[in-house]
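Visitor: I would like the atomic coordinates for the input below:
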Amino acid sequence: MFRVRDLLSLPIFKDVRLVAGKDGLDRIVRWVHVVDLPDVDSWIRGGELLLTTGASWPRDFLEQRRLMKRLDAKGLSALLIATGRFFSEVPPGICQAGDEFSLPVFDAPFSLRFIDITEVVHRAILELQWEKLTRVEEAHRHLTRLAVSSGSFEALLGFLREFIAGQAEIVDTEGRHIAGDRITTEDALAFPIVAAAKEVAGQLLVVPGVLLTDIEVRVLEQGATVAALHIMRQRALVERELRARRSFVDDLLFGEVDEAFLEEARLQGFEPDHPYRVVVALSTRKERDVRAEWLAGRLRRLLEGRGIRLFFTTLSGTAILVLPAQIVNRSLFHRLADELQAAEVHFFVGGPVLGRHVRESFQQARSLVSCLSDLPVVFFEEAHVLRVLRATPPELIADLVAATLGSLAAAGPHLVETVETYLTSGFSQLDTARRLGIHRNTLRARLRRAEVALGRSLHDPEVLAQLALAFTAQKNVQSKQN
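Guide: Next up, the predicted model:
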């Protein structure tokens, strides 16, 4: 944009003096207008450099101020008075009003022809506009090349930084850094990155080092569009890779695994002679088939966020993960279960096997699903009791639960809970009392009543084993019913 201060750099203004309104030098000049008629303000639209000899201007101080006030209200950019004929110098009323309204006032010699000023200033305005248009056209071409290329965000941000002489960053919808500068100021300008179906995929943040015009804003908006295209392109690549990996896992678990397939597996990053485990993840909430895709995607993001590359698919409402055996441990899946607590996720972990035999680990993990327990993580090699219960006829399990826990329930309302807590507390009376919120003397009295009901001592290993089995069987039955 051409501003009043730019007039001072024009050679034709070498004999022109700024006599008032120096605080308004950043006013924008759109064109030059010559008016020497009465009611000057009625011939003004705004944005003009007004040239006048002052022939029709009032001579009264207050009238001059009122006219300047009306010109300022109309949006006049600057006033140039040719002195030496109608005014020997710019009148004090005009100068004082110019300073008051920050409306620049120039004093030019009467010999300086208005037609020359008009030609020079209009040429300067047009040249600046042409330069801006050329810059925008170059920016448009550059952004178009970036849009159709598979370049990185850094290439886009590097161009935008140079264009605005400032900083640029791309963040996701949560404000997390994706690329570019790490902008910390709250004064950053934000441009939404809108992907397919009007989905906001993030923001382009900028801190410009120059005053932005509508031209720079349009370029930044186009930059946000290019960022959206990059995001959609990256998503498509990720989706294509995920589909290929899922198809590979389906073939690995259910197809024919021959040497030709194993060669292809190596290209996928799967090592047939390295140990793997299969994990079946299941949400116990309703609509499992609907949630399986969400669960698989969520687990993939959580694990890949930890630097773990996995293979996965979904089947019958479950998410199936194939993971390197060395990274599979109980603490990892307990942390995942905590992060997915709202989804009530359980993990069933097959035993470690070589990659070429990973189907065995899958079958082991899948066999644990039918004996779902209240534990969030179950390892095949540690689930002997659950596997025995699964192979036991239901009527025998019911007899075990009734014979062992029935007498406790009949002897008192809190005995079943007390004995179970005693077992899960490692036979510590102190921990049991604390967990139940009762005094230790109350606990001892309950345990004595339980021994009377059972007819056996709670120090007898056989009794303790039978109780542990009965509690596990009861939970297994309740889980299946739920």
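
Visitor: which stretches in the stretch 51-200 of the chain count as helices?
Guide: 61-74, 92-100, 114-148, 153-164 (DSSP state H, counting those that start in this stretch).

Visitor: and if you look at the stretch 301-450 of the chain?
Guide: 330-339, 358-369, 384-391, 394-411, 415-424, 429-436, 440-454.

Visitor: can you list those in TSV and add distance to residue 90, mean neighbour count and mean pLDDT?
Guide: Every residue, glycine included, has its C-beta placed from N, CA and C. Listed next are these as TSV, based on distance: least, CB to CB, whole Å; neighbours: other CB atoms under 10 Å; pLDDT from 0 to 100:
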stretch	distance to residue 90	mean neighbour count	mean pLDDT
helix 330-339	75	15	86
helix 358-369	92	20	88
helix 384-391	99	15	65
helix 394-411	106	15	79
helix 415-424	96	19	87
helix 429-436	92	16	89
helix 440-454	101	15	90
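
Visitor: out of the ones you listed, which comes closest to residue 212?
Guide: For residue 212, the closest of these is helix 330-339, at 41.7 Å, according to CB to CB.

Visitor: how is the protein carved up into domains?
Guide: Using automatic domain parsing, the domain parsing of the chain gives 4-122, 150-234, 260-383, 392-481.

Visitor: what's in contact with stretch 158-174?
Guide: 139, 142-143, 146, 153, 157, 177-183, 188, 193, 200-210, 212, 216, 219-220, 223, 227 (CB atoms under 8 Å, 6 or more residues apart in numbering).

Visitor: in a markdown table, list the domains of the chain along with distance to residue 243.
Guide: As requested, the domains of the chain are exported to a markdown table (distance: least, CB to CB, whole Å):
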| stretch | distance to residue 243 |
| --- | --- |
| domain 4-122 | 55 |
| domain 150-234 | 15 |
| domain 260-383 | 10 |
| domain 392-481 | 34 |
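
Visitor: out of the ones you listed, flag the one nearest residue 135.
Guide: Taking the domains of the chain one by one with CB to CB, domain 150-234 is closest: 7.6 Å.

Visitor: so where is the stretch 101-250 of the chain shaky, pLDDT-wise?
Guide: Within the stretch 101-250 of the chain, the stretches with pLDDT under 70 are 150-151, 197.

Visitor: one step back: could the helices of the stretch 51-200 of the chain go into a markdown table alongside mean neighbour count and distance to residue 419?
Guide: Formatted as a markdown table, the helices of the stretch 51-200 of the chain follow (neighbours: other CB atoms under 10 Å; distance: least, CB to CB, whole Å):
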| stretch | mean neighbour count | distance to residue 419 |
| --- | --- | --- |
| helix 61-74 | 17 | 90 |
| helix 92-100 | 19 | 92 |
| helix 114-148 | 14 | 70 |
| helix 153-164 | 19 | 61 |
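
Visitor: JSON lines for those helices, including distance to residue 268?
Guide: Below are the helices of the stretch 51-200 of the chain laid out as JSON lines (distance: least, CB to CB, whole Å):
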{"stretch": "helix 61-74", "distance to residue 268": "72"}
{"stretch": "helix 92-100", "distance to residue 268": "77"}
{"stretch": "helix 114-148", "distance to residue 268": "30"}
{"stretch": "helix 153-164", "distance to residue 268": "27"}
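
Visitor: quick one on the thing from earlier: so for residue 318, which of the helices of the stretch 301-450 of the chain sits nearest?
Guide: Comparing those by CB to CB, helix 358-369 comes nearest, at 7.1 Å.

Visitor: contacts for that closest one, please.
Guide: Contacts of helix 358-369 (CB under 8 Å, 6+ apart): 252-253, 257, 276-280, 282, 318, 320, 322, 348-353, 378, 380, 383, 386-387, 390.

Visitor: those, buried ones only, as a PyMOL selection?
Guide: To isolate the buried ones among the contacts of helix 358-369 in PyMOL, judged by 16 or more other CB atoms under 10 Å, type:
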select buried, resi 252+253+257+276+277+278+279+280+282+318+320+322+348+349+350+351+352+353+378+380+383+386
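
Visitor: next step: the contacts of helix 358-369 restricted to strands.
Guide: If you go by DSSP state E, the contacts of helix 358-369 have 276-280, 282, 318, 320, 322, 348-349, 353, 378 in strands.

Visitor: list just the nearest of those residues to residue 448.
Guide: Distances from residue 448 to the ones in strands among the contacts of helix 358-369, taken as CB to CB, are shortest for residue 378 (34.7 Å).

Visitor: retrieve the pLDDT associated with the closest one.
Guide: We have a pLDDT of 84 for residue 378.

Visitor: just want the most central residue of the protein.
Guide: By CA atoms, centre = their mean, the mean C-alpha position of the chain lies nearest to residue 172, the distance being 2.7 Å.

Visitor: if I look at that one, how far off is residue 156?
Guide: Counting by CB to CB, to the nearest Å, the gap from residue 172 to residue 156 is 16 Å.

Visitor: ditto for residue 452
Guide: 79 Å.

Visitor: beta partners for residue 203?
Guide: Beta bridges link residue 203 to residue 171, residue 192 when assigned by DSSP bridges.

Visitor: could you dump the ones in strands among the contacts of helix 358-369 to JSON lines with distance to residue 81?
Guide: Converted to JSON lines, those look like this (distance: CB to CB, whole Å):
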{"residue": "276", "distance to residue 81": "89"}
{"residue": "277", "distance to residue 81": "89"}
{"residue": "278", "distance to residue 81": "89"}
{"residue": "279", "distance to residue 81": "86"}
{"residue": "280", "distance to residue 81": "88"}
{"residue": "282", "distance to residue 81": "86"}
{"residue": "318", "distance to residue 81": "86"}
{"residue": "320", "distance to residue 81": "85"}
{"residue": "322", "distance to residue 81": "85"}
{"residue": "348", "distance to residue 81": "91"}
{"residue": "349", "distance to residue 81": "90"}
{"residue": "353", "distance to residue 81": "95"}
{"residue": "378", "distance to residue 81": "93"}
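
Visitor: of all pairs in the residues you listed, which one is the farthest apart?
Guide: 282 and 353 (21.0 Å).

Visitor: for residue 261, grab phi and psi.
Guide: phi -70, psi -40 (degrees, to the nearest 10).

Visitor: contact partners for it?
Guide: Counting by CB under 8 Å, 6+ apart, residue 261 has contacts 251-252, 255.

Visitor: what do you get for residue 227?
Guide: Residue 227 is in contact with 153, 156, 170, 193, 202, 204, counting by CB under 8 Å, 6+ apart.
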